[in-house]
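# Sequence and predicted structure, then a few things I'm wondering about:
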Amino acid sequence: MGLIIITNGDLFRWSEMWPKIAAHFDLQVTPELPMSLATIMADKEPLWKEMIAAHALSEHSYQSMSSWEFADAVFSWNYDFFADGSKARRFGFHEHIDTEKMFTDAITDLQVRKIIPSSK
């Protein structure tokens, strides 16, 4: 059996999505800078604890907040990845989720639950 990938049903590019996510936080996007998040984020637990205190966030361990290795796998592709949902539609799955709205809703939910800081 091959790799199975579930998609929202629409097409998007990370290069177009990052500016929209950044705008949600009133941040600017910089040029791409390839790096290993597992390496860069390895020593950031003290900063996470400071953010919890500074923004009155709910207590969640740094380790439970992300898998930097997974993020490295997702974001390290040096090519565009397009997923085709036509087979799913042929089998009756006609709904799709707007990816930009999904990210905005997920970020807003995390902010409401005080898991991440609110926008500026």
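That came through fine. Residues are numbered from 1 along each chain as shown.

# Show me what counts as buried in the helix or strand that residue 103 is a member of.
Assessed by DSSP states H and E, residue 103 sits inside helix 99-112. By neighbour count on 16 or more other CB atoms under 10 Å, the buried set for helix 99-112 is 99, 100, 103, 107, 111. Every residue, glycine included, has its C-beta placed from N, CA and C.

# Tell me how far the third one lies from residue 76.
Using CB to CB, to the nearest Å, residue 103 is found at 19 Å from residue 76.

# same question, the first one
Distance of residue 99 to residue 76, computed by CB to CB: 20 Å.

# hmm, back to that, how about residues contacting the helix holding residue 103?
8, 10, 12, 17, 20, 21, 24, 116, 117, 118, 119 (CB atoms under 8 Å, 6 or more residues apart in numbering).

# wait, which of those residues is closest to residue 66?
Residue 66 has its nearest neighbour among these in residue 116, at 10.7 Å by CB to CB.

# which residue sits closest to that closest one in space, ignoring its chain neighbours?
residue 110 (4.6 Å; CB to CB, 6 or more residues apart in numbering).

# quick one: pLDDT of the one you found?
With respect to pLDDT, residue 110 has a value of 95.

# Would you mind measuring from it to residue 41?
When distance is defined by CB to CB, residue 110 is 17 Å away from residue 41.

# Geometric centre of this structure: which residue is closest?
Closest residue to the average C-alpha location of the chain: residue 103 at 7.1 Å, with CA atoms, centre = their mean.
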